[in-house]
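Undergrad: Next one to model:
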Amino acid sequence: MRKIVNIVILVLVYLLFSGRSCDNRSPEEEAQAQAEALVSTRDSIRDAFETDWLSESALYAHEVTARQKLSDLADYMNVLADTTLDSAFRKKAGEMIKKMFVTGEARMSIMLQSDRQTRLMPLSEVLNEAWAGPAILVPFRFDSVQVREPLHRVDETRYAGTLACRQTFPSLAKSDTTMILWCHKVIDFFAVRDEKLFGKDTLRVWEVVMGDFR
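TA: Sure, this is the predicted structure:
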């Protein structure tokens with residue numbers, strides 16, 4: 001937590017020095033002072049973000065992020081499949097879902113309206129089905145989420161772990177009563193290094209992405 005606070009402070013300092021100053025220094029002196037401050041702050045931010053390995057507290061923070069991503073995924077899927085919403089909102093939800101996964105071929109768990117059977121489908125196909133509207137059973141959500149296997153280092157650019165949860169789908173029975181369909185799922189997740197723009201600089205930071213459901 002302290003490290004996160006320090007990072008936030010560094011970012012605020014960076015933005016502060018990026019702005020204009022109101023002291024009595026000459027324009028040349030001000031420009032030089034700002035340049036030096038920006039370089040120093042940028043380097044501090046780079047040191048904070050661009051670590052070659054994740055500490056125990058950082059690993060825990062990424063596991064918390066992975067659990068939150070499951071909740072976000074359910075929300076985005078419900079938006080994407082809602083044909084009453086503006087298409088721009090639905091399209092944006094689809095883009096956000098894509099960013100959550102390590103690859104478009106990662107398999108995701110859905111239930112189709114046609115047969116009420118749970119299926120594991122490539123993410124690209126799931127998004128197509130959800131965009132069609134009534135094809136998939138929604139809304140659905142994840143509960144009882146816990147870390148089954150903590151993040152552990154796989155190679156220089158990736159940590160891997162698994163989550164366990166219960167995935168639920170409300171469904172309308174023949175008697176017009178609402179049933180709750182559910183299944184247990186294990187989800188792969190990863191902390192990977194990715195390039196992110198920070199002003200004019202590019203930093204390689206650790207980011208949480210989802211993998212296969214099984």
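Undergrad: so what does whichever helix in the chain runs longest touch, helix or strand wise?
TA: In the chain, taking DSSP state H as the definition, the longest helix is helix 56-80. With contacts taken as 3 or more C-beta pairs under 8 Å, 6 or more residues apart in numbering; DSSP states H and E, helix 56-80 sits against helix 2-18, helix 87-100, helix 123-131, strand 141-155, strand 158-172, strand 178-198, strand 201-213. C-beta here means a position set from N, CA and C on the backbone, and glycine is covered the same way.
Undergrad: Can you name the residues in contact with the last one?
TA: Contacts of strand 201-213 with the rest of the structure, by C-beta atoms under 8 Å, 6 or more residues apart in numbering, involve 42, 45-46, 49-51, 54, 58, 62, 65-66, 69-70, 73, 100-102, 106-109, 120, 159-160, 185-196.
Undergrad: Tell me the buried residues in it?
TA: Neighbour counts over strand 201-213 (16 or more other C-beta atoms under 10 Å) mark 203, 205, 206, 208, 209, 210, 211, 212, 213 as buried.
Undergrad: now the third one
TA: Neighbour-count burial for helix 123-131 flags 123, 126, 127, 129, 130, 131 (criterion: 16+ other C-beta under 10 Å).
Undergrad: per-residue confidence for the spatially most central residue of the chain?
TA: With distances taken as C-alpha atoms, centre = their mean, residue 100 lies nearest the centre of the chain, 4.7 Å away. Listed pLDDT for residue 100 reads 96.
Undergrad: With the one 5 residues further on instead?
TA: Per-residue confidence (pLDDT) for residue 105: 91.
Undergrad: ok so it is a helix residue?
TA: No - secondary structure of residue 105 (DSSP: H, G, I helix; E, B strand; the rest coil): coil, not part of a helix.
Undergrad: what bridges to the closest residue to it other than its chain neighbours?
TA: For residue 105, ignoring the flanking residues on the chain, the nearest one in space by C-beta to C-beta, 6 or more residues apart in numbering is residue 122 at 5.1 Å. Residue 122 has the following beta-bridge partners by DSSP bridges: residue 107.
Undergrad: Cheers, nothing more for now.
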